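S.K.: Show me how the following folds:
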Amino acid sequence: MKYFLDGGTHFGQGLRNIIRKEKIDHTWSIHSWEANPNTYKEYNGGSHWPHAKINFYNQALSTQNGEIELLVQSVKEKGRDFISATGQGSTTHPLGEFRENVHQGKFTEKLKVPSIDFVQWIEKNTTGKDYVIIKLDIEGNEYSILEKLVKSKCTKQISKMYIEWHGHFMADPEKYKERRNQIEAVLTNKGIQLEDWR
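M.R.: You can find the predicted model right below:
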């Protein structure tokens, strides 16, 4: 079975691009997560994908199942004359880890949202015989999830990962650079193809 797992769907930009790039069609099992309920509600992704069966979830990817606090970034969006809460950078990562000028005045709402243990989901829903592509654009929480992933047994079913790293937004970018280097070294050693996602 072929799987595409899209973490941080927003309005489907990455979903659309990777489906096209990887020639993903109706034979794939596609799963898409968006934590921000404002974005999830406005996007209503299913209506945009008549050619593919995509499972859309209004959940945050995490290292545990349950609930997690989501900090919602509100921005003035192009073509609109109001402030929208569907903005580009809502995060479950601790706000204190970011540089002050990154978040100052931008995160206007705190929500409790459902979360899933992403590594556990992969373990339960895929096997070593599957072909799995993952995209992660989850505003800083990629580090903790991937650190859990590299310690798990389910890396053997992952073929390729697109990752947007957010260490340059952090107050201590060198610490995050080292975490990234360690994660990438393990994933590469396990034969997983890695691509930066922006």
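S.K.: Helix or strand with the lowest mean pLDDT in the chain?
M.R.: Lowest by mean pLDDT, DSSP states H and E among the helices and strands of the chain is strand 83-84, with a mean of 56.
S.K.: And the next helix or strand past that strand?
M.R.: Downstream of strand 83-84, the next assigned helix or strand under DSSP states H and E is helix 100-103.
S.K.: what's the average pLDDT for that following helix?
M.R.: In this model, helix 100-103 has a mean pLDDT of 72.
S.K.: Output that helix as PDB - backbone C-alpha positions only.
M.R.: Extracted in PDB, the C-alpha atoms of helix 100-103 (Å, rounded to 0.1, in the frame of the first residue of the first chain):
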ATOM      1  CA  GLU A 100      10.600  37.400  20.700                       C
ATOM      2  CA  ASN A 101      10.200  39.300  17.400                       C
ATOM      3  CA  VAL A 102       8.800  36.200  15.700                       C
ATOM      4  CA  HIS A 103       5.700  36.000  17.900                       C
END
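S.K.: and the longest strand along the chain, what other elements does it pack with?
M.R.: When the chain is parsed with DSSP state E, its longest strand is strand 107-117. For strand 107-117, the elements it packs on are strand 60-62, strand 66-73, judged by 3 or more Cβ pairs under 8 Å, 6 or more residues apart in numbering; DSSP states H and E. (C-beta placed from N, C-alpha, C; glycine too.)
S.K.: the helices in the protein, which residues?
M.R.: 13-21, 37-43, 100-103, 118-125, 142-150, 173-189 (DSSP state H).
S.K.: CA atoms of the first one as CSV?
M.R.: Listed in CSV are the C-alpha atoms of helix 13-21, where the atom choice follows Å, rounded to 0.1, in the frame of the first residue of the first chain:
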residue,chain,number,x,y,z
GLN,A,13,-0.6,24.1,-0.7
GLY,A,14,1.9,21.4,0.1
LEU,A,15,-0.7,18.7,-0.4
ARG,A,16,-1.3,19.9,-3.9
ASN,A,17,2.4,20.3,-4.8
ILE,A,18,3.5,16.9,-3.5
ILE,A,19,0.5,15.1,-5.0
ARG,A,20,1.6,16.5,-8.4
LYS,A,21,5.4,16.0,-7.8
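S.K.: buried ones in it?
M.R.: Going by neighbour count (16 or more other Cβ atoms under 10 Å), the buried part of helix 13-21 is 14-15, 18-19.
S.K.: quick one: average pLDDT of that helix?
M.R.: Taken as a whole, helix 13-21 has an average pLDDT of 90.
S.K.: let's have the chain start at 539 instead
M.R.: All set: I'll call the first residue 539, so the last point we hit is now helix 551-559.
S.K.: Are there helices or strands packed against it, and which ones?
M.R.: In this structure, helix 551-559 packs against strand 540-545, strand 567-571, strand 669-674, with contacts taken as 3+ Cβ pairs under 8 Å, 6+ apart.
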